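**Q** below are the sequence and a predicted model; questions follow.
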Amino acid sequence: MHFPLHPDTPQDGQSLEALFAGRDVDMDAMYQRMKGLMDAEGLPYGQRSHTYNSRLSQELGKWADTQPGGEAIHDALYRAYFVDAVNVGDIETLLKIAGAVGLDVEAAREVLESRSFSDAVDADWDLSRRYGVTGVPTFVAGGQGVVGAQPYETLEKLLEEAGAELRN
């Protein structure tokens, strides 16, 4: 499911400094915290200076899910944004990513230019609002959710409260 993290971000992006202006955010400490969490999980994570509008990448991802092998786009988009710090709101960049994971670039171009998966992403955004999603990851079970990286015990409690049975 997709959700609108900063939907008002311009297509050319916005500096993180501008995004967090007036909020007393220590950018280096925020990066170090995330880098530590990602390192602990064996995930790559780069230092970004900008945030980008992810709407088109979400539409591309939604389309890719309908294509054989399309699930590979999600890791590639993650890497592009969080590791390589590229603009995932730029159509030409998105087409390169689609091609790199073996998707039909011309079909991807048609999807992005026609915005044919816009309604599907709108539906995801509506659902994410109903669930109270404000960040990633968000875990939802039984109509309740928890936002952000959580310890195992928190996720276990969420699932128990939703009626899941413990398996050994």
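**A** Good, I have the coordinates.

**Q** domains in this structure, by residue range?
**A** 14-133, 137-168 (automatic domain parsing).

**Q** out of those, which is the most enclosed?
**A** Mean neighbours per residue, mean count of other Cβ atoms under 10 Å, is largest over the domains of the chain for domain 14-133, with a mean of 16. Heads up, the C-betas are built off the backbone N, CA and C, glycines and all.

**Q** who's in contact with residue 131?
**A** Residue 131 makes contact with 138, 140, 145, according to Cβ atoms under 8 Å, 6 or more residues apart in numbering.

**Q** rerun that using 6 Å as the cut-off
**A** Residues near residue 131 by Cβ atoms under 6 Å, 6 or more residues apart in numbering: 140, 145.

**Q** tell me which helix or strand of the chain sits lowest on mean pLDDT?
**A** strand 144-147 (a mean of 85; mean pLDDT, DSSP states H and E).

**Q** what does that strand rub up against?
**A** Contacts for strand 144-147 (Cβ under 6 Å, 6+ apart): 131, 132, 134, 135, 138, 139, 154, 158.

**Q** coming back round to it: now render the domains of the chain as CSV, adding distance to residue 6.
**A** Shown next, in CSV, are the domains of the chain (distance: least, Cβ to Cβ, whole Å):
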stretch, distance to residue 6
domain 14-133, 6
domain 137-168, 15
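
**Q** quick one: which of these is nearest residue 4?
**A** domain 14-133 (5.2 Å; Cβ to Cβ).

**Q** summarise which helices and strands the strand or helix carrying residue 30 is packed against.
**A** Using DSSP states H and E, residue 30 falls within helix 27-40. Using 3 or more Cβ pairs under 6 Å, 6 or more residues apart in numbering; DSSP states H and E, no helix or strand is in contact with helix 27-40.

**Q** what about 10 Å?
**A** Contacts defined by 3 or more Cβ pairs under 10 Å, 6 or more residues apart in numbering; DSSP states H and E place helix 27-40 against helix 16-19.

**Q** what average pLDDT does the helix it packs on get?
**A** Helix 16-19 shows an average pLDDT of 92 in the prediction.

**Q** now stretch 60-70
**A** Stretch 60-70 shows a mean pLDDT of 97.

**Q** ends of it, what's the gap?
**A** 10 Å (Cα to Cα, to the nearest Å).
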